[in-house]
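Colleague: missing the sequence, but the structure's below:
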Ligand SMILES: C[S@@+](CC[C@H](N)C(=O)[O-])C[C@H]1O[C@@H](n2cnc3c(N)ncnc32)[C@H](O)[C@@H]1O
């Protein structure tokens, strides 16, 4: 794991408690207005028999999907976040980095019909690790549903090209945050990197803000060949 990727995990370990409060107190406007509904709808439309929520954080999306009758697991590299998820009553949560996913056990499920990554592919190599994990943990024809910041919007004034970026924010609402670097990818590069690894793009969605009409995120749905 390179230094930037290590810093991402370190920051999430520091941010685990404030992040859990922010999500559960519904303090992130874009999530409440747009992106939570968008990812839930994308999964529901896919109708997976089983899902793996990769980088599940404190587990809100797993619980939303459990309540709708979907069977699956959540996984995250930060033990405090997984503990917060389990505290809500379900045991289907595992602590793992993305690189260790293929060696984990998920009850009786050996292969999933869907991976979900909701704002959780933050590094350069993490995309490759998840694509690689899919070779053993995802059924042939299985889907990877990814929601992330829209590259055209999140690019800001920087050149529209792949590369590591610094986070400018150190807080949301009343909570302070330990900043972490993140890896910017163009839309073309997201698609190209999955195509190279034997996945094809099935669908691309651009949920937008109801008032500004600007894209709030982008959702890619890939299928394992
Ligand atoms: C922005 S949060 C999103 C959490 C959750 N998906 C949600 O929608 O609330 C990103 C999550 O990805 C996890 N994560 C990032 N890189 C990881 C890695 N290499 N291995 C394991 N977890 C990772 C972090 O611990 C964090 O919980």
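Modeller: All right, it came through fine. Since the structure is predicted, the reported quantities are computational estimates derived from the model, not experimental observations.
Colleague: Show the contacting residues for the residue nearest to residue 223 when sequence neighbours are not counted.
Modeller: The shortest distance from residue 223 to any residue other than its chain neighbours is 4.9 Å, reached at residue 202 (Cβ to Cβ, 6 or more residues apart in numbering). In short, each C-beta sits where N, CA and C put it, glycine included. Each residue near residue 202 by Cβ atoms under 8 Å, 6 or more residues apart in numbering is listed here: 143, 221-223.
Colleague: In this protein, where is pLDDT below threshold?
Modeller: For the chain, applying pLDDT under 70 flags the ranges 168-171.
Colleague: and it, which residues reach the ligand?
Modeller: By Cβ under 6 Å from any ligand atom, the residues of the chain that approach the ligand are 8-9, 12, 23, 55-57, 60-61, 76-78, 81, 97-98, 118-120, 122, 126.
Colleague: buried subset of the contacts of residue 202?
Modeller: 143, 221-223 (16 or more other Cβ atoms under 10 Å).
Colleague: where exactly do the strands run in this structure?
Modeller: With strands called from DSSP state E, the chain shows them at 50-54, 71-76, 93-95, 112-118, 138-148, 163-165, 171-172, 175-176, 182-184, 199-205, 218-224.
Colleague: among these, which is the most enclosed?
Modeller: strand 50-54 (a mean of 27; mean count of other Cβ atoms under 10 Å).
Colleague: I'd like the distance between the closest residue to residue 163 other than its chain neighbours and residue 60.
Modeller: Once flanking residues are discounted, residue 163 sits nearest to residue 184: 5.8 Å by Cβ to Cβ, 6+ apart. Using Cβ to Cβ, to the nearest Å, residue 184 is found at 26 Å from residue 60.
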